[in-house]
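Engineer: What follows is a predicted structure for the sequence shown.
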Amino acid sequence: MAEISKRELEESGKFGSGIETKVQPAMPFYEAETYHQEYYLKDPMRYTLYKIGSGREAFLETVWGHKKKERGRAE
């Protein structure tokens, strides 16, 4: 599924050049500590500052052209 998704995104031309991310076999997943879960709800001001300051918000807007909705919040 990951390879299909990657190929479809490459074929869409969304990023111009190819996607360099390698798809590898899944490794064990360790869930983050409780205090890291839903950080955007626990400290919305800092999350917003991070999102803007890191360039994440501008990148998402530029690449996807709209605010992505993820887990019930605008992303």
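Structural biologist: It's in.
Engineer: And the helices in this protein, which stretches?
Structural biologist: 2-12, 39-42, 44-53, 56-64 (DSSP state H).
Engineer: closest to residue 29 out of those helices?
Structural biologist: Closest to residue 29 of the helices of the chain, according to CB to CB: helix 2-12, at 14.6 Å. To be clear about C-beta, it is placed using only N, CA and C from the backbone, and glycine gets the same treatment.
Engineer: Could you pull out the buried residues of the closest one?
Structural biologist: Buried residues in helix 2-12, defined by neighbour count with 16 or more other CB atoms under 10 Å: none.
Engineer: Renumber starting at 50 from here on
Structural biologist: Okay, using 50 as the starting number, the last item reads as helix 51-61.
Engineer: Next, work out how far apart residue 98 and residue 107 are.
Structural biologist: Taking CB to CB, to the nearest Å as the measure, residue 98 falls 14 Å from residue 107.
Engineer: do the same with residue 58
Structural biologist: 20 Å.
Engineer: Can I get the helices of the chain in CSV including distance to residue 78?
Structural biologist: CSV is the format used below for the helices of the chain (distance: least, CB to CB, whole Å):
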stretch, distance to residue 78
helix 51-61, 15
helix 88-91, 18
helix 93-102, 23
helix 105-113, 23
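Engineer: would TSV of these with mean pLDDT and distance to residue 74 be doable?
Structural biologist: Converted to TSV, the helices of the chain look like this (pLDDT from 0 to 100; distance: least, CB to CB, whole Å):
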stretch	mean pLDDT	distance to residue 74
helix 51-61	92	10
helix 88-91	92	29
helix 93-102	93	31
helix 105-113	88	27
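Engineer: Brilliant, that's me finished.
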